[in-house]
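Engineer: okay, sequence plus prediction incoming.
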Amino acid sequence: MSNRLAVICSRAGELPLGGADAAAEAGGDSLVIGVGAERAAASLPGRVRVIEAAAFDPVAWAGALAGVIAPDGADPDNGPDHYDVVILPSSPDGRDLAPHLAAALGRPLLAGAIEVACDGAAVARHGGATIERIEVREPFVATLQPGARGVAVPASPDVVEVLDVAVAAGGRVAELIEILPADPATMDLAEAPRIIGGGAGLRAADFDGLAEIAGAIGASVGGTRVVTDAGWLPYDRQIGTTGVAVHPDLYIAIGISGAVQHTAGLGQPRHIVSVNTDPSCPMMALADLAIVTDGPELVDALVRLLASDTGGGTDTVVAPATDEGANHA
């Protein structure tokens, strides 16, 4: 029996980004809680237990989970299912549940870990600029950054066990009134389904236009390290090994050559569109659609189209061609 347990929140039968990473970091011993938990558990490796629960309620869930994780509080000899280390993915629900669970268990919380061991964790600090190793000589709770480790998704888990655990709705500190969709302009890039990335092939002024284009298609704006170092975007918008690991359905890269430090943080986007003047750069080779054209001119053209669009127009943007010819796909 592993002494580590991954606790993963389910919404409508879907796992959060980083759920499989947390399960792998826990050695394949997981507990999924939420709506559609059993369906969500089908995409996790190892031994998985599930608790079907209603709408997300971190206080109530923490109380129910504490009785499963450590039935008699902090007694390490309580039985085979006592866990000293609890790992949650650093998704929005995971970050919300983790402090409540740590308080219910009476344990310290290590947030933003990139690696979790039985005696502590390596955590990212100062926007990922430094990694700090924290040793803990007592049971603890940790949140694991999505994309911190690569995992292969199994065909099915080894064991799925449905637990009959009552989740009381008492002790709430807040009342859920409505769940609003995330604002792409401010949401965590790790959770963004659509991202427009800008690189050194753009100018500082182009990022205002990039934000306008992103808003029109419901996308978030990201960039390379060169862009954030130059101050054109904040560091939490940096994609790559020293930034945020993402896994969007659509990634549009404008003026990005595709250095390995950047592409290593891309995960496996379902679709990639690359715009660059160099048809042989790495990002163009990765793209499903590669467009050979000048990035700043394309951004300007799209912004003009958005400004002139009244909802019923038939304007068409023609990307300015480079000396090397038309679009390359």
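Structural biologist: It's in.

Engineer: my read: Ala40 touches Ser10, true?
Structural biologist: Yes. With contacts counted by CB atoms under 8 Å, Ala40 reaches Ser10, the gap being 4.0 Å. All C-beta spots, glycine's among them, are computed from the backbone N, C-alpha and C.

Engineer: and the average pLDDT for stretch 236-246 is what?
Structural biologist: For stretch 236-246, the mean per-residue pLDDT is 90.

Engineer: just the strands in the stretch 51-200 of the chain please.
Structural biologist: Shown for the stretch 51-200 of the chain, the strands assigned by DSSP state E, counting those that start in this stretch span residues 85-89, 109-117, 120-125, 130-135, 140-144, 159-162, 194-198.

Engineer: got the CA coordinates for the fourth one in PDB?
Structural biologist: Extracted in PDB, the C-alpha atoms of strand 130-135 (Å, rounded to 0.1, in the frame of the first residue of the first chain):
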ATOM      1  CA  THR A 130      13.300  29.500  -8.200                       C
ATOM      2  CA  ILE A 131      12.700  25.900  -6.900                       C
ATOM      3  CA  GLU A 132      12.700  25.400  -3.200                       C
ATOM      4  CA  ARG A 133      13.000  22.000  -1.500                       C
ATOM      5  CA  ILE A 134      10.900  21.800   1.600                       C
ATOM      6  CA  GLU A 135      11.300  18.900   4.100                       C
END
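
Engineer: would you turn the strands of the stretch 51-200 of the chain into a markdown table with distance to Ala204?
Structural biologist: Shown next, in a markdown table, are the strands of the stretch 51-200 of the chain (distance: least, CB to CB, whole Å):
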| stretch | distance to Ala204 |
| --- | --- |
| strand 85-89 | 35 |
| strand 109-117 | 30 |
| strand 120-125 | 27 |
| strand 130-135 | 27 |
| strand 140-144 | 34 |
| strand 159-162 | 52 |
| strand 194-198 | 10 |
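
Engineer: for Arg225, find the nearest of the ones you listed.
Structural biologist: Nearest to Arg225 among the strands of the stretch 51-200 of the chain is strand 194-198 (11.6 Å), distances taken as CB to CB.

Engineer: now tell me what touches the closest one from outside.
Structural biologist: 184, 189, 206-207, 210, 213-214, 217-224, 227, 232-233, 239, 246, 248-256, 295 (CB atoms under 8 Å, 6 or more residues apart in numbering).

Engineer: for Trp111, give me its contacts.
Structural biologist: Quick fix: residue 111 is Ala, not Trp. If you count contacts by CB under 8 Å, 6+ apart, Ala111 has them with Ser90, Arg95, Ala98, Val123, Ala142, Thr143.

Engineer: and for Gly94?
Structural biologist: Residues near Gly94 by CB under 8 Å, 6+ apart: Val7, Ile8, Cys9, Pro16, Gly18, Ala22, Leu88, Thr143.

Engineer: can you count the residues close to Ala55?
Structural biologist: Neighbour count for Ala55, taken as other CB atoms under 10 Å: 11.

Engineer: isn't it right next to Arg11, touching?
Structural biologist: No. Contact criterion CB under 8 Å: Ala55 and Arg11 do not qualify, at 9.3 Å.

Engineer: list residues touching both of the two?
Structural biologist: Val35.

Engineer: need phi/psi at Ser308.
Structural biologist: With angles defined as degrees, to the nearest 10, Ser308 sits at phi -90, psi -10.

Engineer: around it, how many other residues sit close by?
Structural biologist: 9.

Engineer: what sits against the closest residue to Ile272 other than its chain neighbours?
Structural biologist: By the measure of CB to CB, 6 or more residues apart in numbering, the closest residue to Ile272 outside its immediate chain neighbours is Ala287, 4.6 Å from it. By CB under 8 Å, 6+ apart, Ala287 lies in contact with Ala253, Ile272, Val273, Ser274.
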